[in-house]
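Student: Sequence and predicted model, in that order:
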Amino acid sequence: MAQHQDSYGLELSTQSDTAAAAYRDGMRLYFTAQPGAEAAFKTAIAADPDFALAHLSLSREHHVHGNGKAARDTLTAANACPAPETSREQQHLAIMTTIISGRGDDAFTAAKAHLADYPRDALITSTCIGVFSLIGFSGRPGREAENLAMSSLLAPHYGDDPWFLSNHAFAQMEAGQLNQAETSIEASLKGNPKDANAAHHRAHLYYEMGETKAGYAFLTEWLSTYDRHGIMHCHNSWHAALGAMALGDVDEMWRIVDQDVDPANGHGPPLNVMTDLASILFRAQQVGIEVSETRWARVSDYANQWFPKPRLGFADVHSALVHAFAGRGEALNNIISDANGPVADLVATIGEAFKAMAAQDWAAAEAYLLPALPDHARLGGSRAQRDLIEHAMSGVLMKQGKAEQAQLLLAARRPVLTSA
């Protein structure tokens, strides 16, 4: 029988002390977005080649980094291992196999049932809650409330665990519970100040509360000791660049973008790299900062490389944006015409809006953006990331001399942007 446990008290089917310890270390690094998880999982596999969950977690590590081939290869290895001893691990393996194989819709029902029996199965929990999760990318209306409901249901099982508190804080703030989120995220950072995801969620809360200077100061200091190869370095740097822009330091904004976000120098998963670059170029251009054709073309090329066909609404909307402003009509039209999945309607509509904006047809852009406003949370991603849609709408209104309407829009929907 299994004798080792993971960090949340669940049994592990390995008899190797080394494998179990390396697995726990790998999961700790994975959950806190620190470098070294891949090496730890490989150590676990070397110590026990039949340890299925070690292979599986290595596959997930490759998966979140956007390394599809390595993820598939290690997933095959995980499923070639002898069946784990416990039903919990067997279900865990089956659910994660479905997710990594790209069948998230099939996985969610099984994951919810699994968490009812094993609420402290943290990797399964992590796939269900969050803005990039099975709920986040479900395309369902009201997914922010759904995310908070699930996080709240699980919260009693995790107590004061810093990792879970960080994620719960994010669910709270995305649903508008800013005071509750502040309590949760401060407790999380007190428990583990080095957690890159917790630092990220704290940056989001500063943004949502309109505390630009405090957020920029916090994140700048925090990033000074974070390994550049950490998976969250790119995206946390995007937050810092937004702060620099909001504070009027355009030179610093471009320095951060070029050094820490652009794939030529920075490190991050392709989804973060592409969407972060697209977003900050658009926001910069919206406030009158010159964005060169070369910059738009580079991000368009990157989007074509990593997201050549519509498959994930959040990525597709950002790809449509960069193709539109890079003048890549064919790539943009392909996204509009081939949009698929649960948010195909939003992708096509917003793609048309960006196409109209690039053509300076402001009235058409307004007409396309209007139906996207009520529930663009269906796209996935955070409120801060989706603010580009509010920025776009306010921008096209201003272009038509509708300044009062633009102010009313932001005051009603995103008042934080009026003070940013």
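Tutor: That came through, no problem. Numbering: from 1, shown residues only.

Student: what sits against the closest residue in space to residue 269 that isn't next to it in sequence?
Tutor: Excluding its sequence neighbours, the residue lying closest to residue 269 (CB to CB, 6 or more residues apart in numbering) is residue 66, at 4.7 Å. From N, CA and C alone the C-beta is placed, and that goes for glycine too. By CB atoms under 8 Å, 6 or more residues apart in numbering, the contact set of residue 66 is 269, 270, 271, 306.

Student: how about residue 66, secondary structure?
Tutor: coil (DSSP: H, G, I helix; E, B strand; the rest coil).

Student: distance of it from residue 399?
Tutor: Relative to residue 399, residue 66 is positioned 36 Å away (CB to CB, to the nearest Å).

Student: what does residue 406 give?
Tutor: 9 Å.

Student: ok, those two, which is more surrounded?
Tutor: For residue 406 and residue 399, the more surrounded residue by other CB atoms under 10 Å is residue 406, and the numbers stand at 20 against 16.

Student: thought that one was touching residue 392?
Tutor: No - with contacts counted by CB atoms under 8 Å, residue 406 stays clear of residue 392, the gap being 11.0 Å.

Student: Report the central residue of the chain.
Tutor: The residue lying closest to the centre of the chain (CA atoms, centre = their mean) is residue 132, at 4.5 Å.

Student: Please report phi then psi for that one.
Tutor: Phi and psi for residue 132, reported as degrees, to the nearest 10, are phi -110, psi 30.

Student: same deal with residue 4?
Tutor: According to degrees, to the nearest 10, residue 4 has phi -100, psi 160.

Student: count of neighbours near it?
Tutor: Residues lying near residue 4 (other CB under 10 Å) number 19.

Student: ok, back up a step: which residues touch the residue lying closest to the residue nearest to the centre of the chain once chain neighbours are set aside?
Tutor: Excluding its sequence neighbours, the residue lying closest to residue 132 (CB to CB, 6+ apart) is residue 380, at 6.6 Å. By CB under 8 Å, 6+ apart, residue 380 lies in contact with 131, 132, 136, 137, 139, 143, 312, 313, 314, 343.

Student: now swap in residue 61 and tell me
Tutor: 26, 30, 37, 38, 41.

Student: Top of the residues you listed by number of neighbours, please.
Tutor: residue 41 (30 neighbours).

Student: how near is it to residue 335?
Tutor: Residue 41 is 35 Å from residue 335, by CB to CB.

Student: same deal with residue 393?
Tutor: 20 Å.

Student: Show me which of these two is the more surrounded one.
Tutor: Between residue 393 and residue 335, counting by other CB under 10 Å, residue 335 is the more crowded of the two (26 against 23).

Student: Is it correct that that one is in contact with residue 350?
Tutor: No - in this structure residue 335 lies outside contact range of residue 350 using CB under 8 Å: 9.7 Å.

Student: Find residues that contact each of those two.
Tutor: Common neighbours of residue 335 and residue 350 (criterion: CB under 8 Å, 6+ apart): residue 320.

Student: Quickly list the domain ranges of this protein.
Tutor: 4-128, 134-209, 269-420 (automatic domain parsing).
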